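Novice: With the input below, show me the fold.
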Amino acid sequence: MITLQDTRRLSGPTARCRRRAARALPLLILSLAGCATEGPLVLRDMGSLHVGGRTVVVSGKPVTEIRRTPTGPLTKLDPNGTYQVEQAYVQYFLPANRRGALPLLLWHGGGLTGASFETTPDGRPGWLNYFVRRGWDSYNSDAVERGRSGFASPDIFAGQPIFLTKTDPYERFRIGGGAGTYSEDPARRRVLPGNRFPVEAYDDFTRQLVPRWLSTDQAVTDAYIALVDKVCPCVIVVHSQGALFAFKAAQARPDKVKALVVVEPAGIGDADQATALKNIPVLAVFGDYFDVDARWATLRKTAETYFEQIRKAGGSVRIADLPQMGIRGNGHMLIMDRNNLEIAAIIQKWLAEQPGLYR
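Specialist: Residues are numbered from 1 along each chain as shown. Prediction:
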């Protein structure tokens, strides 16, 4: 058992914190200075794994010599041979007080990694923290080609990767109001009225951005299905592009996916396979400002058409429209917004209402 003390909302060490640390001495302790508002986060285990992938043979490439460090000797670099590619990285946190009946999987959006669900850019607890504290065995992934999953050479991944400028997410993710609202000068950046993104930490958010490819969807899906095969039955919570892979995985393994939460889905499953989801309850969460950019309205309409197909097949889809619930000011990155835990609580409540998922 591991005791972790979350230090993000600290006012300094206290006698109570010291007493808690003393009581935790029989355990394996990772102790950080201070004491969290919610108290120590106690785990029964944590770790990581890689899943999925395939091997590829590359041949016909020239052999060269390189120095692997500035002062090192020349060594042969032979790019011909067998490569391991298209695996996904997963880190898991298993709380001591387990209340979720099944594992909860977190899948991020496009151009991002599992860091999306970790500490917010301005240092607050993220959804990973939240769900672990609510007693869910939580598995946070970096998809194929992202983060610690690694990527492959142009001989293996078709096409060129996409890189996001700092301007792109600000103007596209409904933080600013579209073209021309971003400035390199933070004082001149224009924010949508009432927007809840921690805009003072926007530069920290852009440090999370990673390249992505347009040609790897099947590889990403395959790796996520391998994860489902390894740890499920389970619940899957996804953001943005992650919805595409979640619906595909649910189609392929309907007996193993017991609930889906899709937050601002930017992708859908196959309409002709909607019947596969008839026994999988779905919660879709949408934020604010859909009237400021036609792209998001189009994505939402596409998703809602797909949801209707699931319903016609006998399935259940509930839509949590935050503005209609009285919660305004959330753009696309609502998983990081100032009220991110309020939104996580809506998801938690829905999950707890599903029979057999929460104790």
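Novice: okay, CA-based contacts and neighbour counts for the rest of this
Specialist: Will do.
Novice: Now for the most centrally placed residue in the chain: which residues touch it?
Specialist: By C-alpha atoms, centre = their mean, the mean C-alpha position of the chain lies nearest to residue 108, the distance being 2.6 Å. Residues in contact with residue 108 (C-alpha atoms under 8 Å, 6 or more residues apart in numbering) are 114, 116-117, 141-143, 238-242.
Novice: Mind checking which of those land in helices?
Specialist: residue 242 (DSSP state H).
Novice: For residue 52, state which of the contacts of residue 108 is nearest.
Specialist: Among these, residue 143 lies closest to residue 52 (C-alpha to C-alpha), at 10.6 Å.
Novice: Who are the packing partners of the longest strand that the chain contains?
Specialist: If you go by DSSP state E, the chain has its longest strand at strand 41-58. When contacts are defined as 3 or more C-alpha pairs under 8 Å, 6 or more residues apart in numbering; DSSP states H and E, strand 41-58 packs onto strand 2-4, strand 81-95, helix 217-231.
Novice: one step back: how close does the residue nearest to the centre of the chain sit to residue 349?
Specialist: Residue 108 is 21 Å from residue 349, where distance means C-alpha to C-alpha, to the nearest Å.
Novice: part of a strand, is residue 260?
Specialist: Yes. Secondary structure of residue 260 (DSSP: H, G, I helix; E, B strand; the rest coil): part of a strand.
Novice: Only the buried residues of whatever helix or strand residue 168 lives in, if you could.
Specialist: Using DSSP states H and E, residue 168 maps to helix 167-172. For helix 167-172, the neighbour count (16 or more other C-alpha atoms under 10 Å) marks 167, 169-172 as buried.
Novice: cool, stretch 257-274 as well?
Specialist: For stretch 257-274, using 16+ other C-alpha under 10 Å, the buried residues are 257-269, 273-274.
Novice: quick check, nearest of the residues you listed to residue 295?
Specialist: Nearest to residue 295 among the buried residues of stretch 257-274, with distances taken as C-alpha to C-alpha, is residue 266, at 10.1 Å.
Novice: wait, that closest one sits on residue 301?
Specialist: No. The pair residue 266 / residue 301 is not scored as a contact, 10.6 Å apart, by C-alpha atoms under 8 Å.
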